[in-house]
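J.: my questions are about this predicted structure, shown below with the sequence.
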Amino acid sequence: MCHGEIVVKKVLAALAVSVALTGTAFAQAKIQVGCTATSDCASAMIAIDEGIFRKHGLEVEMTPIGINSNIPAAILSNSIQIGGPTSTVFLQAVDGGLDLVAIAGATIMSPVSNGNITAFVRNGITIKEPKDFAGKKVGAPGLNAFLHVLFVKWLVEKGVDPKSVNFVEVTFPTMADIIKSGGVDAVLTAEPFVTRMTNAGLGSVGARYAVELARTDPIIFYAASREWADKNAAAIKKFRDAIAESAVIVNNDREKASNSIAKFTKQPIELVKATPPNRSEPALKPEQLSWWIEVMSSQKMLQSKLDTSKLVMK
């Protein structure tokens, strides 16, 4: 069974639960935004904490999602109305037949954010060059999600067969415990988790693979079901305006950004302050997804030819 089929099965199961629990589909006055425990949805976090959504006439709450690849199912089940999937999770869900649409940008890769991304290796494991990852068990916060796809791309460019690496899913909050227990040899992670595990003496950085790839493509963006988006065009305009306003704060006010990120991710404020958040970019153009489609197609993650013009709401 291909990964796209697995995603669809997850969504169908989630839809069954949702229909059983709620008799209405799109009547909520309050919008639930689901994201994983990273800084990528900081623009939404700040828009809540600073009253920006409310100023624009929206009632919004944040919902934590453990694994990014679960976000499409949460959107389609209507347990959240807007989610922050990685580019790769979104594209594979659409390729699998899920009618999702991107509604606003969240974060993009940059020299700073790329430097925050690492393959963190536990004590007792030695990684001197890319080929040393062969035969290792590597945890990723979502198979076929952002960090995993980037790492596979890096391995291929370094002449390493990705099939020689045993990938498993590990959520960000559980990485330290799993590294400490020896459950995996390495994890694909980012700040502030890198600093937290380093300070705890759990291991060291084995590779800064995103730095070597040096891309500036979207990391995460806000997405919704096309049905919900079409029925809530006015709310989406307000959402976009609020995100554009709060993105300025993410990029320029470290104190406010850190406080909101720490509150949502439940990370110690000192650790969050030590690392700049990923760059917030509220604008999203269809052509920005082209590189991801090319990479994912090369990794045989996509079965169809996606039309980028249909992936982003106008």
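T.: Looks like it arrived, so ask away. Numbering: from 1, shown residues only.

J.: now do the phi/psi pair for Gln81.
T.: Dihedral pair for Gln81: phi -100, psi -30, per degrees, to the nearest 10.

J.: mind checking how far it is from Glu61?
T.: 10 Å (C-beta to C-beta, to the nearest Å). Using the backbone N, CA and C atoms, a C-beta is placed for each residue, glycine as well.

J.: just Ala145 next, same as before
T.: Distance from Ala145 to Glu61, by C-beta to C-beta: 23 Å.

J.: which of those two has more neighbours?
T.: Ala145 (25 against 13; other C-beta atoms under 10 Å).

J.: list the contacts of the more buried one.
T.: The contact partners of Ala145, taken as C-beta atoms under 8 Å, 6 or more residues apart in numbering, are Ile67, Asn68, Ser69, Thr86, Thr88, Val89.

J.: all strands for the stretch 151-300 of the chain, in order.
T.: According to DSSP state E, counting those that start in this stretch, the stretch 151-300 of the chain carries its strands in the segments 166-169, 186-190, 203-207, 218-225.

J.: out of those, which comes closest to Ile117?
T.: If you check each of the strands of the stretch 151-300 of the chain against Ile117 by C-beta to C-beta, strand 186-190 wins as the nearest, at 4.9 Å.

J.: centre of the chain to that closest one, how far?
T.: Between the centre of strand 186-190 and the centre of its chain there are 14 Å (C-alpha atoms, centre = their mean, to the nearest Å).

J.: what is the neighbour count of the closest residue to Lys136 other than its chain neighbours?
T.: Distance criterion C-beta to C-beta, 6 or more residues apart in numbering; nearest residue to Lys136, sequence neighbours excluded, is Asp185 at 4.2 Å. Neighbours of Asp185 under the rule other C-beta under 10 Å: 22.

J.: state the distance from Asp185 to Gly124.
T.: With distances taken as C-beta to C-beta, Asp185 is found 9 Å from Gly124.

J.: pLDDT weak spots in this protein?
T.: Residue ranges of the chain with pLDDT under 70: 1-29.

J.: residue nearest the centroid of the chain?
T.: Nearest to the mean C-alpha position of the chain, by C-alpha atoms, centre = their mean, lies Thr86 at 3.9 Å.

J.: tell me if I'm right that that one and Asn70 touch.
T.: No. With contacts counted by C-beta atoms under 8 Å, Thr86 stays clear of Asn70, the gap being 11.8 Å.

J.: tell me, what's touching those two both at once?
T.: In contact with both Thr86 and Asn70: no residue, using C-beta under 8 Å, 6+ apart.

J.: enumerate every residue touching the residue nearest to the centre of the chain.
T.: By C-beta under 8 Å, 6+ apart, the residues touching Thr86 are Asn68, Gly142, Ala145, Phe146, Ile219, Ile220.

J.: can you tell me how far Ser110 is from Pro130?
T.: Distance of Ser110 to Pro130, given as C-beta to C-beta: 23 Å.
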